[in-house]
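what follows is a predicted protein model with its sequence.
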Amino acid sequence: MPEVKELSDEQLLQYSRQIMLPQIDVVGQQKLTKANVLVLGAGGLGCPALFYLVSAGIGNIVIVDHDKIDLSNMQRQILYGMQDVGQYKAQVASEKLKQFASGSSIIPITYIPDDQELLGYIEQADLVLDGTDNFSARYRHNQMCVNANTPLISGAVIRFEGQITTFDIRNAHSPCYHCLYPNAQDEQLNCSENGVLGPVAGMIGTMMATEAVKLIVGIGESLVGRLMLLDALNMEWRSVKLRKDTNCPICSSN
């Protein structure tokens, strides 16, 4: 592993409140500063996740989102303002995020990368956050993360409901996204037709960032093998155990 650079006085002050946590300390902050994170989707989940990733000091972030900002996004996509309507989400997000951490490298990708390019980004990443809103994209990202042995944090929201889990193919017992949803169809999940409460997206997005920080630093218990389900209407959380499908066509060795 390359040598970890010492934190500057400015960084020590900026991240002092989390450096005070014994589980993180200076060594953990150094890990965050050198980490490479790929965020797929800069929408309702990606915006809060990105904000807290940058605020935590993640040193290198690639944002992939080919969508442009729409007026209907304002209700939950907290990085954007009215003046940003019509511009690419990834580009606007990267420009605004640099205000919070000038030392971070943030690269916006405003198109859909082909398989070879996307796999390259995934192979370079320490972990991937998937906040996209359709199953076909999620299946594609899952397949590539399995191929690259890269951990994948997956979040989703619709109406008053949210869910989050982590898939880590490096763990022999970890399922993958296909194990969880072997035959899902895109029409089953559509916020434009079913609606979504903005703060629910914020809750799941910030949890995705929390899970990312834990994985990078190597602290606590990850969500591998567990699916957290949120019913915000009744403000209830449930934890469901997930098992690896031994016959999964994506991650099984059979």
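That came through, no problem. Numbering: from 1, shown residues only.

phi and psi next, for residue 38.
phi -110, psi 120 (degrees, to the nearest 10).

pLDDT value on it, please?
pLDDT for residue 38: 98.

now the one 4 residues further on
As predicted, residue 42 sits at a pLDDT of 97.

all helices of the stretch 151-254 of the chain, in order?
177-180, 191-194, 198-217 (DSSP state H, counting those that start in this stretch).

how about the secondary structure of the residue nearest to the spatial centre of the chain?
Geometric centre of the chain, nearest residue: residue 129, 2.4 Å, by Cα atoms, centre = their mean. Using DSSP: H, G, I helix; E, B strand; the rest coil, the structure places residue 129 in strand.

I'd say residue 109 and residue 61 touch.
No. With contact defined as Cβ atoms under 8 Å, residue 109 does not count as touching residue 61 (11.1 Å). Yep, even glycine has a C-beta here, placed from its N, CA and C like the rest.

of those two, which one has the most company?
For residue 109 versus residue 61, neighbours defined as other Cβ atoms under 10 Å are more numerous around residue 61 (24 against 21).

and the one helix or strand residue 10 maps to, what does it pack against?
In this structure, residue 10 sits in helix 9-14 according to DSSP states H and E. Helices and strands touching helix 9-14, by 3 or more Cβ pairs under 8 Å, 6 or more residues apart in numbering; DSSP states H and E, are helix 25-34.

what mean pLDDT does stretch 135-146 get?
pLDDT averaged over stretch 135-146 gives 95.

so who does residue 177 touch?
By Cβ atoms under 8 Å, 6 or more residues apart in numbering, the residues touching residue 177 are 138-139, 141-142, 152, 154, 167, 250.

and the nearest residue to it once chain neighbours are set aside, what does it touch?
Excluding its sequence neighbours, the residue lying closest to residue 177 (Cβ to Cβ, 6 or more residues apart in numbering) is residue 142, at 3.7 Å. Counting by Cβ under 8 Å, 6+ apart, residue 142 makes contact with 130, 152, 154, 167, 176-178, 250.

recalculate using a threshold of 6 Å.
176-178 (Cβ atoms under 6 Å, 6 or more residues apart in numbering).

between those residues, which sits nearest residue 41?
residue 177 (14.2 Å; Cβ to Cβ).

nice, that's everything, thank you.
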